[in-house]
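[1] mind looking at a prediction? Sequence and model below.
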Amino acid sequence: MTNTLHRFGPAESFDDDFIVFAMACKGPFKQENALDGLRRFLQIAMEYGPVNLGDARHGGAIRPSRQVNPLAHWSRDNAPDFQGVVDGLTDVTTCAAVFDDRDKAEQFVKRIKDENLGLSVNVSTSITGAEDCCDYAGIPRHSVGYSLGFEGKTEKMPNAQVMMLSTMCGHGMISHSLAKKMIDFVKENRRTPEQCAATLTRFCSCGVFNPSRAKRILEDARTKTS
Amino acid sequence: MQINPQKCVACGNCTYVCPMGAIYIDPVLKRATIDRDECVECYTCFNGLSQEHLPPAVVRTVRKVFAAMRIRFEPEPDVCPTAAFEPDELTWPRVVRRAFSDPRVPHESTGVEGRGTEEVKTNDVTGRVGPGDVGFTIELGRPGVGVRFRDIQEVCRALAAAGVAFEQKNPVTSLMSDVATGTIREDILDEKVLSAIVEIKVPIARAEEIIRLVWDVEKRIDTVVTIGAGVRCDAQGDDTVVAPILERLGYNLARAKTNVGLGRRGVPTSAPEREVVTM
C-alpha cells in the first residue's frame, strides 16, 4: 500500500509533513517481539511532539465516537489522545508518527536508530527531507519509493487545495466533498481551521493524516482559491 | 452498507463524507439513499461518522420547524444524529468491493490483507527489490474516483502482453483467472472499488518502457493513476540510476517514502505468512 506516498503538493508543501512509520516484516524473516518494538516506537514518538500518532488497525489520535454527547455540537473535544493510541495497540501492524517540524523528525529518527528496535522504519516526506533525516541519524538510505504523482483522467480530480487535504489519507477515506466543505466552513468563518482539521483527521483510519498541515492549508484557503 | 429509513432524518451530513459521492437525499423518500452501483463498501460512512443516538421523530420535528422558519442549525459535520448506518451481509462478488476499499478489514475474498504488499517498506529485510530492479506500484482509482475491475484488467493485460510478471502476493494478482495474460475473473469485472494496486518488478533497463506502456493504457481507462517506483539505494544511500530516468521522462520528483534501513531479520521460518498492507 502506498497511503503516505502520494500526497498532493509541491516539495515545499511537505516542509511541515514528516511521517515516520515502523512495521515488522511478515513471512519467513519476521522479527520477534515486534509488538513490543512497535509500542516502544509509539512511546518514544510521544517524547518528540508528534501532531498525530496511529496504528493501522485502530486509527489515529483523534477518532470518531460511537456515542457522541449532544453537547459536543457546542464543545467538541478535538484534542489528540496520543496515550490512547499507545494503550490501544494490540496487534502487530504498522505504526506511524506524524511531525510538522523537521528537527523533531530528524531527532526522532536518530533516537529510533539508537534504540535498535529491529523494525523496518520509513520516512515519508519530501525526498530532501528524508535525506536530511538519514544524514542526521548517520545512516544511508536503504531504499526509496518515489511518487510519480497523479495522471490518467486527472480532469476527474478537484482543485489543488482540496487535493492537498484529501490525499493526506492515502487510503482514500477523506472525501473530496468533505475537504471542500471544510474549506467552505473556514471561508464562511463557520468553523476554525483547527476544528475543520480535527474533523478531517477523524476519517483517517490509520493515523497518518497531518492535522497541522491541514490547518495551514485551510488557513491559506480562507483567502486564496487554487 | 444500508441506511435504516426508520432512523435517517435526512440531515445530509453523510452525503459529504462518502468518498465516491454515492449518498444523496432522495427528494421523494426524504431519506439519505445509497447508489448501490457507485458504493464501494469502504465503510467510511459507518466508521468515520461519529454517532449520536437521538430519537428520529424528535429530530425530524425540530428540523421541520427550523426549516419552516428558515433557521439553520449548524451541527458538527461528521455526526450521524441517529446512528442510521447499518452494515449488511456482503456476498460474492460484492464482498470484493469492501476488501479493496475498507483498509481495516482483511481480504476474506482474496486471502491477502490490504490493497498491495509491503513493497520497499520492508526491503531492508526482504530484499524484494534488489540492485538493478525497479518495483512499480500502479494504483488505480485514487484519489476519490474509484475503479472497476474491467479497467484494472485493461492495465494488467497490457503489462502481461509486455511479458511482465505480477507480484504473486498482491490482491489483484490473486483475482486473476489467467496470470499469464493478466485476465481477471469474469464475475467481478463490473465491481467498483475505491482503489487497487497492480505490482510488478522489472530490471531498471525496462523502467522507461513500462512507464510509457502505462501512459498508453491510461488513455483507455476511466480513472486516475498514481505510480510509485521503488528502488534499492547504493552503499552511500544514493540513487543515481532510476531518478535520472524518471526526471528525463518529465517527472518532478517531490515526494518519496524512504526506507532508512533499520530492519533486522528474525530467525527464518519455513511457513510463509500472508502479507499485511498498511502505510
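    Nice, I can see it. Computed from a predicted model, the values in this text were never measured in an experiment. Residues are numbered from 1 along each chain as shown, chains lettered A, B, ... in the order given.
[2] for A:Pro211, which non-adjacent residue is spatially closest?
    What sits nearest to A:Pro211 in space, not counting adjacent residues and going by Cβ to Cβ, 6 or more residues apart in numbering or on different chains, is A:Ala197, at 4.2 Å. C-beta coordinates here come from the backbone N, C-alpha and C atoms, glycine included.
[3] tell me the buried residues in the host helix or strand of the one you found?
    Using DSSP states H and E, A:Ala197 maps to helix A:193-201. Buried residues in helix A:193-201, counted by 16 or more other Cβ atoms under 10 Å in any protein chain shown: A:193-201.
[4] one more: stretch B:185-205?
    Taking 16+ other Cβ under 10 Å as the criterion, stretch B:185-205 shows B:188, B:191-202 as buried.
[5] next: stretch B:95-106.
    B:95-104.
[6] separation between the residue of chain A most remote from its centre and chain B?
    Largest separation from the mean C-alpha position in chain A: A:Pro28, at 29.5 Å (Cα atoms, centre = their mean). Distance of A:Pro28 to chain B, given as Cβ to the nearest Cβ, to the nearest Å: 5 Å.
[7] quick one: pLDDT of that residue?
    Model confidence at A:Pro28, given as pLDDT, is 75.
[8] surely it is in a helix?
    No. Read with DSSP: H, G, I helix; E, B strand; the rest coil, A:Pro28 is coil and lies in no helix.
[9] could I get the contacting residues of the residue nearest to A:Pro211?
    Taking Cβ atoms under 8 Å, 6 or more residues apart in numbering or on different chains, we find A:Ala197 in contact with A:182, A:211-212, A:214-215, A:218.
[10] among the residues you listed, give me the pair with the biggest separation.
    Spanning the widest gap among the contacts of A:Ala197 are A:Met182 and A:Ser212, at 14.8 Å by Cβ to Cβ.
[11] more crowded one of the two?
    For A:Met182 and A:Ser212, the more surrounded residue by other Cβ atoms under 10 Å in any protein chain shown is A:Met182, and the numbers stand at 29 against 18.
[12] avg pLDDT for the helix or strand hosting the more buried one?
    Assessed by DSSP H and E, A:Met182 sits inside helix A:176-187. Regarding helix A:176-187, the rounded mean pLDDT is 98.
[13] I'd say B:Ser195 and B:Phe149 touch.
    No. At 12.0 Å, B:Ser195 does not count as touching B:Phe149 under the criterion of Cβ atoms under 8 Å.
[14] need the contact list for residue 203.
    Using chain A here. A:64, A:169, A:173-175, A:178, A:209, B:17, B:44, B:48, B:78.
[15] please refer instead to chain B.
    Counting by Cβ under 8 Å, 6+ apart, B:Pro203 has contacts B:132-134.
[16] show the backbone phi and psi for residue 149.
    You didn't say which chain, so I picked chain A. phi 80, psi -160 (degrees, to the nearest 10).
[17] actually chain B
    Dihedral angles for B:Phe149 - degrees, to the nearest 10 - are phi -60, psi -20.
[18] and if you look at B:Gly135?
    phi -100, psi 120.
[19] bridging residues for it?
    Following DSSP bridges, B:Gly135 is listed with bridge partners B:Lys201, B:Gly230.
[20] for it, give its distance to B:Pro77.
    Counting by Cβ to Cβ, to the nearest Å, the gap from B:Gly135 to B:Pro77 is 39 Å.
[21] find me the pLDDT at residue 153, would you?
    You didn't pick a chain, so chain A it is. Value listed for A:Lys153 in the pLDDT field: 97.
[22] looking at chain B here, not the other one
    Looking at B:Gln153, the pLDDT reads 98.
[23] next, count neighbours for it.
    24.
[24] now do the contacts for it.
    B:182-184, B:189.
[25] state the distance from it to chain A.
    Distance, B:Gln153 to chain A, by Cβ to the nearest Cβ: 15 Å.
[26] after the host helix or strand of that residue comes which helix or strand?
    Taking DSSP H and E as the definition, one finds B:Gln153 inside helix B:149-161. Sequence order places helix B:171-174 as the next helix or strand after helix B:149-161, per DSSP H and E.
[27] residues of that next one that come out buried?
    B:171-174.
[28] now swap in stretch A:131-149 and tell me
    A:131-134, A:136-137, A:139-149.
[29] domain-wise, how is chain B divided?
    If you go by automatic domain parsing, the domain ranges for chain B are B:2-86, B:106-248.
[30] tell me the most buried of the ones you listed?
    domain B:106-248 (a mean of 20; mean count of other Cβ atoms under 10 Å in any protein chain shown).
[31] what are the buried residues along stretch A:74-84?
    Quick answer for stretch A:74-84 (16+ other Cβ under 10 Å): A:76, A:78, A:80, A:82, A:84.
[32] just read off the phi/psi values of the first one.
    A:Arg76 adopts backbone torsions of phi -70, psi 140, taken as degrees, to the nearest 10.
[33] likewise for the fourth one?
    Note on A:Phe82: backbone dihedrals following degrees, to the nearest 10 are phi -70, psi -40.
[34] give me every residue that touches it.
    Contacts of A:Phe82 (Cβ under 8 Å, 6+ apart): A:46, A:50, A:53, A:61.
[35] B:Met176 versus that one, what's the distance?
    Distance from A:Phe82 to B:Met176, by Cβ to Cβ: 42 Å.
[36] cool, the last one as well?
    The span separating A:Gly84 from B:Met176 equals 41 Å under the rule Cβ to Cβ.
[37] ok, the second one next?
    From A:Asn78 over to B:Met176 the distance is 45 Å, taken as Cβ to Cβ.
[38] name the residues that touch the strand or helix carrying A:Gly129?
    Counting by DSSP H and E, the element that carries A:Gly129 is helix A:127-137. The set of residues external to helix A:127-137 that reach it, using Cβ under 8 Å, 6+ apart, is A:11, A:14-15, A:18, A:20, A:102, A:105-107, A:109-110, A:113, A:123-125, A:140-141, A:144, A:146, B:237, B:253-258, B:260.
[39] how about the helices in the chain?
    Using chain A. Per DSSP state H, chain A carries helices over the ranges A:34-46, A:82-88, A:102-115, A:127-137, A:160-166, A:176-187, A:193-201, A:211-223.
[40] to clarify, I was referring to chain B.
    B:13-17, B:44-48, B:56-68, B:95-101, B:123-126, B:149-161, B:171-174, B:207-218, B:242-248.
[41] what's next to stretch B:210-227, contact-wise?
    With Cβ under 8 Å, 6+ apart, stretch B:210-227 has contacts from A:2, A:5-6, A:147-154, A:156-157, B:134, B:136-143, B:145-147, B:151, B:154-155, B:158-159, B:162, B:164, B:200, B:202, B:246, B:249.
[42] list only buried entries from the contacts of A:Phe82.
    A:50, A:53, A:61.
[43] kindly reformat these as a markdown table containing distance to B:Phe85 and pLDDT.
    A markdown table is the format used below for the buried ones among the contacts of A:Phe82 (distance: Cβ to Cβ, whole Å; pLDDT from 0 to 100):
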| residue | distance to B:Phe85 | pLDDT |
| --- | --- | --- |
| A:Pro50 | 31 | 98 |
| A:Leu53 | 27 | 98 |
| A:Ala61 | 24 | 98 |
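[44] just to revisit the earlier point, list the buried residues of the helix holding A:Met182.
    In helix A:176-187, counting by 16+ other Cβ under 10 Å, buried: A:176-183, A:185-186.
[45] can you narrow the residues you listed down to the ones near chain B?
    A:176-178, A:181-182, A:185 (Cβ under 8 Å from any Cβ of the partner chain).
[46] that older thread, of all the helices of chain B, which one is nearest A:Leu35?
    Going by Cβ to Cβ, the one of the helices of chain B nearest A:Leu35 is helix B:123-126, 16.6 Å.
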